[in-house]
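*Asks:* I would like to see how this sequence folds:
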Amino acid sequence: MTIRICNYEIMSFTDSTILISEKGMSSIKSPPLAEALEELKPLIGKDIPESTLKKY
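*Replies:* The predicted structure follows:
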């Protein structure tokens, strides 16, 4: 299985984190989720095989 991660931006504020993509905006209240999304940013727009995702 191969997936592709769409482009997104993460904006961190003092009390919240906002995820912005072509689909809309969302508030992220989970620090581990925000950290995981930051780690995945280098993979944006690339075809990612399942074996690569297992590292994350």
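
*Asks:* Chain neighbours aside, what residue packs nearest to the residue nearest to the spatial centre of the chain?
*Replies:* Central residue of the chain (Cα atoms, centre = their mean): Leu37, 3.1 Å from the mean position. Sequence neighbours aside, Ile10 is the residue nearest to Leu37 in space, at 5.9 Å (criterion: Cβ to Cβ, 6 or more residues apart in numbering). Every residue, glycine included, has its C-beta placed from N, CA and C.

*Asks:* tell me the phi and psi of that neighbour?
*Replies:* phi -120, psi 130 (degrees, to the nearest 10).

*Asks:* ok so, going back, show me what the one helix or strand the residue nearest to the centre of the chain maps to packs onto, helices and strands only.
*Replies:* Under the criterion of DSSP states H and E, Leu37 resides in helix 31-40. For helix 31-40, the packing partners by 3 or more Cβ pairs under 8 Å, 6 or more residues apart in numbering; DSSP states H and E come out as strand 8-12, strand 17-21.

*Asks:* Of all the ones you listed, which one is nearest Ser51?
*Replies:* Smallest distance to Ser51 across the helices and strands packed on helix 31-40 (Cβ to Cβ): 22.9 Å, for strand 8-12.

*Asks:* That closest one pairs with which strands?
*Replies:* Partners of strand 8-12 in the sheet, by DSSP bridges, are strand 17-21 (antiparallel).

*Asks:* For the residue nearest to Leu37, give me the pLDDT.
*Replies:* You'll see Ile10 listed with a pLDDT of 91.

*Asks:* okay, now it: neighbour count?
*Replies:* Ile10 has 14 neighbouring residues, counting by other Cβ atoms under 10 Å.

*Asks:* what's the lowest-mean-pLDDT helix or strand in the chain packed up against?
*Replies:* Scoring the helices and strands of the chain by mean pLDDT, DSSP states H and E places helix 50-53 at the bottom, with a mean of 80. Helix 50-53 sits against strand 2-4, with contacts defined as 3+ Cβ pairs under 8 Å, 6+ apart.

*Asks:* one step back: now the residue nearest to the centre of the chain: how far from Ser12?
*Replies:* 11 Å (Cβ to Cβ, to the nearest Å).
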